[in-house]
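*Asks:* Here you go, sequence then predicted model.
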Amino acid sequence: MIKKDNKTNRENKEEKKPRVARESKNTRNSRDSRDSRDTRNSRGSRDSRNFRDSRPARGARPAGPQKPKEKHPEGAMRLNKYIAHAGICSRREADELIAAGSVKVNGRVVTEMGYQVLPGDQVSYGGETLRSERPRYFLLNKPKGFITTTDDPQERRTVMMLMDGCCAERIYPVGRLDRATTGLLLFTNDGELAKRLTHPSTQVYKIYQVELNKPVTKEDMKRLLEGIELEDGPMHVDDIQYAEVGGKVDKRVVGVQLHSGRNRIVRRLFEALGYEVHKLDRTVFAGLTKKDLPRGRWRELTEKEVGFLKMI
């Protein structure tokens, strides 16, 4: 009985061995699968880390030879800048003229953007030869009786007569003052700046001293601030105050601030309310004043004043 029991036990053990072996194999397969995944994940992590490390830093220049910066001959100038300096128009408008084939260099039409004009080149537009000159800026305290134009077929007195001899460059007035209006008038050959100062979107402010035929009422001052309807649309002033004359307030004289560049706008505003303008004097233009500038005289702007104008 004892032997039989031993045999039975041995058979039971042998029957159990394959099951244990199978379980061990499954365990090894499971461990191998886990190890394989861990190895791949580890490699993937290292690969990702290496990929990130190999990327160039943000803002860094890409590796490899760089294209050398194109050098232009000394004294060369972009064609659109040349045209703007000649006082024809702004640089943006000059680009449009170039693209349209309206500009010639040395007798040949040039439509290339960025074309460089060399010293001695002849640039023409509309059949006229242009001269690119260094920018100049002057302020005139205009007297009464001069018209704002560069040339008058009727041979009347023009503001250019007052600027005669101020510089060798060709300058022209920025905006206009009518014949009877006195005060500040800017002159320059900087076409780009002139365009910006006269464009409605820039809203350059001006201050006028207006002398009228009768006292201005508070009600009319309020109407001017709120806006009145003119033939070319509604218009209002930014500010209006009584002015002092001889140390006393004179209600027939007012200071008016506005930013509109419409023709004869101050006179038309008061005429619409039944007033007659006797004198009109522009005392401030784009932050420039006529302090220490006698009537009929001019002065050149300082670098600080030019810089201020270019920031408007």
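*Replies:* All right, it came through fine.
*Asks:* Who's the closest spatial neighbour of Leu293, skipping the chain neighbours?
*Replies:* Asn141 (4.6 Å; Cβ to Cβ, 6 or more residues apart in numbering). Any C-beta I mention is one placed from the backbone N, CA and C, and that applies to glycine too.
*Asks:* That neighbour against Asp292, yeah?
*Replies:* No. Asn141 is beyond contact range of Asp292, at 9.9 Å (criterion: Cβ atoms under 8 Å).
*Asks:* of those two, who's got more company?
*Replies:* Higher neighbour count among Asn141 and Asp292: Asn141, with 21 against 8, using other Cβ atoms under 10 Å.
*Asks:* so which strand or helix has the more buried one?
*Replies:* Element membership of Asn141, judged by DSSP states H and E, is strand 137-142.
*Asks:* Tell me which other helices or strands the next helix or strand after that strand touches.
*Replies:* Using DSSP H and E, the helix or strand that follows strand 137-142 in sequence is helix 159-162. Under the contact criterion of 3 or more Cβ pairs under 8 Å, 6 or more residues apart in numbering; DSSP states H and E, helix 159-162 touches strand 137-142.
*Asks:* What average pLDDT does the strand it packs on get?
*Replies:* The pLDDT scores in strand 137-142 average 98.
*Asks:* again, but for stretch 184-202
*Replies:* Per-residue pLDDT over stretch 184-202 has a mean of 90.
*Asks:* next helix or strand past the lowest-mean-pLDDT helix or strand in the chain?
*Replies:* For the chain, scoring each helix and strand by mean pLDDT, DSSP states H and E identifies helix 2-54 as the least confident one, at a mean of 48. As assigned by DSSP H and E, the chain's next helix or strand after helix 2-54 is strand 77-78.
*Asks:* What is the subsequent helix or strand relative to that next one?
*Replies:* Using DSSP H and E, the helix or strand that directly follows strand 77-78 along the chain is helix 79-85.
*Asks:* Need the residues that contact that following helix.
*Replies:* For helix 79-85, contacts defined as Cβ atoms under 8 Å, 6 or more residues apart in numbering pick out 77, 89-92, 94-95, 97-98, 103, 105, 110, 113-117, 123, 125, 130, 132-135, 189-192.
*Asks:* And the helix or strand just after it, what does it pack against?
*Replies:* Using DSSP H and E, the helix or strand that follows helix 79-85 towards the C-terminus is helix 91-99. Identification of packing neighbours for helix 91-99 by 3+ Cβ pairs under 8 Å, 6+ apart yields helix 79-85.
*Asks:* Off-centre distance for the helix it packs on?
*Replies:* 17 Å (Cα atoms, centre = their mean, to the nearest Å).
*Asks:* State the distance from Lys248 to Tyr242.
*Replies:* Per Cβ to Cβ, to the nearest Å, Lys248 is found 10 Å from Tyr242.
*Asks:* more crowded one of the two?
*Replies:* Set Lys248 next to Tyr242 and count neighbours by other Cβ under 10 Å: Tyr242 wins out with 16 against 6.
*Asks:* residue contacts, that one?
*Replies:* 216, 249-251, 253-255.
*Asks:* now it, what's its secondary structure?
*Replies:* Under the three-state scheme (DSSP: H, G, I helix; E, B strand; the rest coil), Tyr242 adopts strand.
*Asks:* Leaving out the residues flanking it, which one is nearest to it?
*Replies:* Val249 (5.0 Å).
*Asks:* which one is Met160 nearest to, not counting chain neighbours?
*Replies:* Thr150 is the one closest to Met160 (Cβ to Cβ, 6+ apart), at 5.6 Å.
*Asks:* contacting residues for that neighbour?
*Replies:* 158, 160, 172-173.
*Asks:* Looking at Val109 now. What's its pLDDT?
*Replies:* pLDDT recorded at Val109 is 95.
*Asks:* That one contacts Ala99, doesn't it?
*Replies:* No. With contact defined as Cβ under 8 Å, Val109 does not count as touching Ala99 (11.1 Å).
*Asks:* Quick check: buried residues in the longest strand seen in the chain?
*Replies:* With residue count as the measure and DSSP state E as the assignment, the chain has strand 248-258 as its longest strand. In terms of neighbour count (16 or more other Cβ atoms under 10 Å), strand 248-258 has its buried residues at 252-256, 258.
*Asks:* How far away from the center of its chain is it?
*Replies:* Worked out by Cα atoms, centre = their mean, strand 248-258 lies 35 Å from the chain centre.
*Asks:* next structured bit after it?
*Replies:* Next along from strand 248-258, by DSSP H and E: helix 265-272.
*Asks:* secondary structure element for the closest residue to Phe138 other than its chain neighbours?
*Replies:* The shortest distance from Phe138 to any non-neighbouring residue, by Cβ to Cβ, 6+ apart, is to Phe187 (4.4 Å). Element membership for Phe187 (DSSP H and E) is strand 182-188.
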